[in-house]
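Visitor: sharing a model that was predicted from the sequence below.
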Amino acid sequence: MKALVIAETADAARELSAGARTLADEVVLVTFGQTPEGVSDKTIVVNVPAGAVADDAYATVQAIYDAEAPSVVLAEPRRHVKSVAGRLATAAGASVITDVVEMGDAGAKSLYFGGVGERVRKAAGGVAFYTVAPGTFEGAVPSGAGVVEEVAWVAPAVPLTLKSSREREKGGADLFKANAVVAAGRGFAEESELDLARALCEKIDGGLACSRPLTEGVDWMPSGTYVGVSGLALAPKAYVACGISGQMQHMVGCNRSGMVFAINKDKNAPIFKQCDFGLVGDLKDVLPAVAAAL
């Protein structure tokens, strides 16, 4: 049995290749420029030409897919990769099982309705396509001879046109790797008050995240740091929600955390029904006290 892994980042390439090894005898990794060593039997590098868009790599990856004839495809859940995986599945007369958080004998467990529900599904066709959330194969060890090949770019019949691009603002620590995450919400009245959350991050060696309003409402935080149904889905050991009400749209992004702590001055906030430990109080009083105690 052969598995095809499609990844844009090195971390995902390692984890998905390790997971693929638990599902198949042979692992072929397709990357867009990043080539981690010793994670697969073969690594195929697709170099996206200047001025091209990574979504258009589907024509190149389709040729790889046809040549390798895998039984299972694991894709990193990033926009470009999901676009490629969706096109591959369509060409194969299949569909992609998305947002997988656990693989088992019964099938792949995934989230639906914005993470409110979970379901277990199996592919009906000859090839199974999955997009897999970070941490799903935590603990799995990648292996392989790591033979590296580069393939020529195959331009699609109707390519996308890149009009402009800009560097995306970074959000500090890699939130996917952080064991602890402090998330800020609308309970922070001023941007300067976020320093209280940053001080807590320093104490627990955590990353700073936020709810959507802080990125799209007041623009206090980078767009790549908001947690929720259309943002990040994190699974740290500890998640500290500060001034976050606990609406479903946010909680779906952190409900796989090992432990959820909540701080909110509203004792009736929904998050107190969804956290492991809750503390009712004003952030300006609680956060300095917690940081001092630590």
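Guide: Great, that's in hand. Numbering: from 1, shown residues only.

Visitor: CA only for contacts and neighbour counts going forward, please
Guide: OK.

Visitor: show me where the stretch 101-250 of the chain has strands.
Guide: Assigned by DSSP state E, counting those that start in this stretch, the strands in the stretch 101-250 of the chain fall at 107-112, 117-121, 128-132, 147-151, 180-184, 207-210, 238-242.

Visitor: each with direction, which strands does the least confident helix or strand in the chain by mean pLDDT pair with?
Guide: Within the chain, no helix or strand scores below strand 107-112, which has a mean of 84 by mean pLDDT, DSSP states H and E. According to DSSP bridges, strand 107-112 forms sheet pairs with strand 96-104 (antiparallel), strand 117-121 (antiparallel).

Visitor: for residue 226, find the nearest of the strands of the stretch 101-250 of the chain.
Guide: strand 207-210 (4.7 Å; C-alpha to C-alpha).

Visitor: what helices or strands is that closest one leaning on?
Guide: strand 180-184, helix 194-204 (3 or more C-alpha pairs under 8 Å, 6 or more residues apart in numbering; DSSP states H and E).

Visitor: determine which stretch of these is the most buried.
Guide: Most buried of the helices and strands packed on strand 207-210, by mean neighbour count (mean count of other C-alpha atoms under 10 Å): strand 180-184, with a mean of 26.

Visitor: low-confidence stretches in the chain?
Guide: Scanning the chain for pLDDT under 70 picks out the ranges 113-116, 167-173.

Visitor: what does the domain assignment say about it?
Guide: Domain assignment for the chain by automatic domain parsing gives 2-151, 180-293.

Visitor: so what's the gap between the least confident helix or strand of the chain and the chain middle?
Guide: Here strand 107-112 is found 15 Å from its chain centre; the criterion is C-alpha atoms, centre = their mean, to the nearest Å.

Visitor: any buried residues in it, and which?
Guide: 108, 109, 110, 111 (16 or more other C-alpha atoms under 10 Å).

Visitor: pick out the most distant pair among these.
Guide: So, the buried residues of strand 107-112 by C-alpha to C-alpha: farthest apart are 108 and 111, at 10.0 Å.

Visitor: any shared contact partners between those two?
Guide: Jointly contacting residue 108 and residue 111 under the rule C-alpha atoms under 8 Å, 6 or more residues apart in numbering are 100, 101.

Visitor: neighbours of residue 153, how many?
Guide: 16 (other C-alpha atoms under 10 Å).

Visitor: please report how far the closest residue to it other than its chain neighbours lies from residue 211.
Guide: Nearest non-adjacent residue to residue 153, counting by C-alpha to C-alpha, 6 or more residues apart in numbering: residue 60, 5.9 Å away. Separation of residue 60 from residue 211 (C-alpha to C-alpha, to the nearest Å) stands at 37 Å.

Visitor: please say which of these two ends up with more neighbours.
Guide: residue 211 (29 against 19).

Visitor: gap between that one and residue 256?
Guide: 16 Å.

Visitor: on that earlier part again, next, format the domains of the chain as a markdown table and append distance to residue 174.
Guide: Below are those laid out as a markdown table (distance: least, C-alpha to C-alpha, whole Å):
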| stretch | distance to residue 174 |
| --- | --- |
| domain 2-151 | 11 |
| domain 180-293 | 7 |
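
Visitor: so which of these gets nearest residue 162?
Guide: Judging the domains of the chain by C-alpha to C-alpha, what sits closest to residue 162 is domain 2-151, at 6.1 Å.

Visitor: sorry, back to before: including distance to residue 17, could the strands of the stretch 101-250 of the chain go into a markdown table?
Guide: Conversion of these to a markdown table gives the following (distance: least, C-alpha to C-alpha, whole Å):
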| stretch | distance to residue 17 |
| --- | --- |
| strand 107-112 | 17 |
| strand 117-121 | 21 |
| strand 128-132 | 11 |
| strand 147-151 | 14 |
| strand 180-184 | 25 |
| strand 207-210 | 26 |
| strand 238-242 | 26 |
